[in-house]
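# Quick one: sequence plus predicted model below, questions after.
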Amino acid sequence: MDAIVRMTGVTKVYGEGDAATHALRGVDLVLARGDFAAMAGPSGSGKSTLLNLIGALDHPTAGTVEVDGRDLATLTGSQLSRLRRDRIGFVFQSFNLVPVLTAFENAEYVLVLQGVPARERRQRVRAMLADVGLGGLEHRFPRELSGGQQQRVAIARAIVAEPALVLADEPTANVDSATGAALLELMHGLHESKRTTFLFSTHDRAVMERAERLIRLHDGRVVADGPPQDVLDGS
Amino acid sequence: MTVRIAWRSLWRHRRRTLITIASIGLGLGLVILFVSLAEGTYTRLVEDAVRMQAGHVTVEHADYRDAPEVHLRIAGVGAMRAAIEALPEVESTKLLVLGQGLVRSSAGAVGVAVMGVEPEVEVTTSPLARRLVAGRYLDAGDVPRVVVGRVLAERLGLAPGRKLVLATNDASGAMVEALFRVEGVFETGAEEVDGYLLQAPIAPVRRLYGLGADEATALGVVLRDPDTLERAVRDVRRIVTTPSAAVRPWQEVLPEVAAFIRLDRTSDGTYQGILLFLVLCTIFNTILMSVLERTREFAVLLAIGTAPGQLAGQLVLESAFLGLLGCGAGLLLGGGLAWLVQVYGIDLTRFYEHGMTISGFALSTRLHARPTLRILATLAGLVFSATILVSLWPARRATQVDLAEVLR
């Protein structure tokens, strides 16, 4: 299997001594290239921690995390920045767009960081915004967009640089169910067309059912991993 | 993109940004005004003092500073003067014979400082020649006439046309005296000058003190631009090679004036430093608030691949914009006010009815600012650099956010 993410014996402990909280306990997980996977579990089960570790936003207390064949523990700060910029796309629960940039500029931002020439940038961003259904809204600022539209911009920002992996933390949590379903279809369509690997953390049953693989976490451990229907039936 | 984010971020809190720009502008503007005013005062003081005395650069006997006696004179002043006047930075030169003596009139006797001058030169260079309250200034030529200060004239009952006897010791130490007639009475406002100084044409004074026609106590050099002083001193030193002669800048000839300016600059600098410090606190507060309230945004930018240095650069750029706008406002305000004070002056006569004197030199009670390009550039550069400097710590702090914690 061609793995994009490989986690081996990953443990994450917050705090020390009596105040120590085990967010992850010896997790082994492999994510294959082209996976469209969701992580489910109750609050505090370790979903966000796992996403943070894969996204190189945090370090494990023990164990190794490899992304795209590279052990994150061996990379410097600037190498981690480049890895996030070039190989990973992030979609956050609360959109997290830059408020002083328009929809177009938000989506364009990572391409600017990558040094993509202006003409190519314009073409790719226009096409991407059209793909996510925001054609004609390019010059609006985030405050002028609805929650669903902002999340579409966030998805466009995460996808436009064609990363190997997109990490989406509760992407449908702050939008209504119809918008959530549309966003899910949008991401699935992108997955289909570009074979981008997606990993969601979610409480949303619709997301779990739409995923091609469902990983269930409980108390920092992977307790189930397989086709969504099997995992859901098992719970 | 970094420039765009920095510029637009500046205007997220328009009122706060405008208040900060106004603070920088007001602080810088006031400092520019105060420094220009002080500079104008110093320039006027120095110009009046050096033009009334022995110029911006003085050639005199090497031992004269230690014991200012009339026998310590320089010779060959004619050739020396011709060579010095050929220097491009020199406006004019003046010969002085300086001594002391006792003036007697029918009303009494008073010790005086005697200044033998070239009236035709003094008329164009010395402010004293324009401050007559009675009679007129000296004419060129070998005539035994004097101008005296108003206080001295009152003490001795002197007025234009009246006679006085000047008694002194000549260069050889012998007692000598001569009769002079008062041509005019001057008033500088400084009692040390008005009650003590007597000016007469150089020829009869030379004769009185027993100096030769090519000798003088001092050869004063008046410069076109006081800022060329260092170069002028070097050039004059190349010309004056006599071992017994010394070439001195005005600061050595008028040490009390130089000391006053140094002291005044230091105390002014302290007050201005405090004012700028308070302005910098405002800037720091604005930048820090701006950073603290955008922690999540910075975390997102770092998470999606912005290099920490790039993010810090964006924040420093925001401060640079703030500094540029503030300095622009300050330059307009301070430069404009200083220009007005340069043209119209500030009249302090109400507060100083009896005039102002500094180190024995009268100062005009109408103050004029001197806002030079150097003052504007230095102060604006200082404030701008300080603005950048105070943004470094908040910028660094912004790049050190705990991504996982902030994005949780």
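Cool, the structure landed. If you're wondering where the values come from, they're calculated on a predicted model, not measured in any experiment.
# what helix or strand is the residue of the stretch 151-300 of chain B found nearest chain A on?
Nearest to chain A, among the residues of the stretch 151-300 of chain B, is residue B:300, at 4.3 Å (C-beta to the nearest C-beta). To be clear about C-beta, it is placed using only N, CA and C from the backbone, and glycine gets the same treatment. Residue B:300 belongs to helix B:295-303 when assigned by DSSP states H and E.
# So which elements touch that helix?
Counting contacts by 3 or more C-beta pairs under 8 Å, 6 or more residues apart in numbering or on different chains; DSSP states H and E, helix B:295-303 packs against helix B:308-344, helix B:373-399, helix B:403-407.
# follow-up on the earlier one: spit out the contact partners of the residue of the stretch 151-300 of chain B closest to chain A.
In this structure, residue B:300 makes contact with A:90, A:92, A:96, A:98, B:407, judged by C-beta atoms under 8 Å, 6 or more residues apart in numbering or on different chains.
# Taking these together, which two end up most distant?
A:98 and B:407 (14.4 Å; C-beta to C-beta).
# that older thread, if I look at the residue of the stretch 151-300 of chain B closest to chain A, how far off is residue A:84?
Between residue B:300 and residue A:84 the distance, using C-beta to C-beta, to the nearest Å, works out to 11 Å.
# returning to what we had before: redo the contacts of residue B:300 as CSV? Include pLDDT, distance to residue B:204 and neighbour count.
Below are the contacts of residue B:300 laid out as CSV (pLDDT from 0 to 100; distance: C-beta to C-beta, whole Å; neighbours: other C-beta atoms under 10 Å in any protein chain shown):
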residue, pLDDT, distance to residue B:204, neighbour count
A:90, 89, 97, 24
A:92, 84, 97, 23
A:96, 85, 93, 23
A:98, 91, 87, 22
B:407, 79, 94, 24
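# Give me the subset of the residues you listed lying in helices.
When helices are assigned by DSSP state H, the members of the contacts of residue B:300 inside them are residue B:407.
# Which of the contacts of residue B:300 fall in strands?
Using DSSP state E, the subset of the contacts of residue B:300 located in strands is residue A:90.
# what's the neighbour count on the residue of chain B found nearest chain A?
Closest approach of chain B to chain A (C-beta to the nearest C-beta) occurs at residue B:305, with a separation of 2.4 Å. Other residues lying near residue B:305 total 24 when counted by other C-beta atoms under 10 Å in any protein chain shown.
# Turn the helices and strands packed on helix B:295-303 into JSON lines, columns for distance to residue B:143.
Formatted as JSON lines, these follow (distance: least, C-beta to C-beta, whole Å):
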{"stretch": "helix B:308-344", "distance to residue B:143": "41"}
{"stretch": "helix B:373-399", "distance to residue B:143": "46"}
{"stretch": "helix B:403-407", "distance to residue B:143": "91"}
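# Out of those helices, the one nearest residue A:21 is which?
Taking the helices and strands packed on helix B:295-303 one by one with C-beta to C-beta, helix B:403-407 is closest: 13.3 Å.
# residues in contact with the closest one?
For helix B:403-407, with C-beta under 8 Å, 6+ apart as the criterion, the contacting residues are A:49, A:52, A:57-58, A:92, A:96, A:169, B:295-296, B:299-300, B:302-303.
# In a helix, the residue of chain B closest to chain A, correct?
No: Residue B:305 is assigned coil when assessed by DSSP: H, G, I helix; E, B strand; the rest coil, not a helix.
# For the spatially closest residue to it that is not a sequence neighbour, which residues are in contact?
Leaving out its chain neighbours, the residue that sits closest to residue B:305 by C-beta to C-beta, 6 or more residues apart in numbering or on different chains is residue A:85, at 2.4 Å. The contact partners of residue A:85, taken as C-beta under 8 Å, 6+ apart, are A:110, A:113, A:114, A:161, B:304, B:305, B:306.
# Show the model's pLDDT score for residue A:85.
At residue A:85 the predicted local distance difference test score is 92.
# now swap in the one 3 residues further on and tell me
If you check residue A:88, the pLDDT there is 92.
# Could you do residue B:191 as well?
In this prediction, residue B:191 carries a pLDDT score of 80.
# ditto for residue B:359
At residue B:359 the predicted local confidence, pLDDT, stands at 65.
# can you check residue B:139 too?
According to the model's per-residue confidence, residue B:139 sits at a pLDDT of 84.
# Which residue is the nearest non-sequential neighbour of it?
Spatial nearest neighbour of residue B:139, excluding adjacent residues (C-beta to C-beta, 6+ apart): residue B:119 at 5.9 Å.
# Show the contacting residues for that neighbour.
Contacts of residue B:119 (C-beta under 8 Å, 6+ apart): B:129, B:137, B:138, B:139, B:140, B:201.
# Next, the second one: secondary structure please.
What three-state DSSP gives for residue B:137 is coil.
# got a list of what the residue lying closest to it once chain neighbours are set aside touches?
The spatial neighbour of residue B:137 that comes closest, neighbours along the chain excluded (C-beta to C-beta, 6+ apart), is residue B:129 at 4.6 Å. Contact partners of residue B:129, counting by C-beta under 8 Å, 6+ apart, are B:119, B:122, B:123, B:137, B:186.
# neighbours around residue 57, how many?
No chain specified, so I'll use chain A. The local packing of residue A:57 (other C-beta under 10 Å) involves 25 other residues.
# nope, chain B please
Neighbour count for residue B:57, taken as other C-beta under 10 Å: 30.
# Repeat that for residue B:309.
Summarising burial for residue B:309: neighbours were counted as other C-beta under 10 Å, giving 12.
# ditto for residue A:44
Using other C-beta under 10 Å, residue A:44 has 14 other residues around it.
# wait, is it part of a strand?
No: under three-state DSSP, residue A:44 falls outside any strand and is assigned coil.
# Check it and give its pLDDT.
What the model reports for residue A:44 is a pLDDT of 86.
# now do residue B:380
Residue B:380 carries a pLDDT value of 94.
# That one reaches residue B:333, doesn't it?
No: in this structure residue B:380 lies outside contact range of residue B:333 using C-beta atoms under 8 Å: 11.5 Å.
# now the strands for chain A?
Across chain A, reading from the start of the chain, the strands by DSSP E fall at A:3-14, A:21-32, A:36-40, A:62-67, A:70-71, A:88-91, A:165-169, A:197-201, A:213-218, A:221-226.
# Let's have those strands in CSV, adding distance to residue A:191.
As requested, these are arranged in CSV below (distance: least, C-beta to C-beta, whole Å):
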stretch, distance to residue A:191
strand A:3-14, 13
strand A:21-32, 13
strand A:36-40, 5
strand A:62-67, 18
strand A:70-71, 23
strand A:88-91, 12
strand A:165-169, 8
strand A:197-201, 5
strand A:213-218, 12
strand A:221-226, 19
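# Around chain B, which positions in chain A sit nearby?
A:48-49, A:52, A:55, A:57-58, A:77-78, A:81-82, A:84-86, A:89-90, A:92, A:96, A:98-101, A:105, A:108-110, A:112-113, A:157-158, A:169 (C-beta under 8 Å from any C-beta of the partner chain).
# Recalculate using a threshold of 7 Å.
A:48, A:52, A:57-58, A:77-78, A:81-82, A:84-85, A:90, A:92, A:96, A:98, A:100-101, A:109-110, A:112-113 (C-beta under 7 Å from any C-beta of the partner chain).
# Good, wrapping up.
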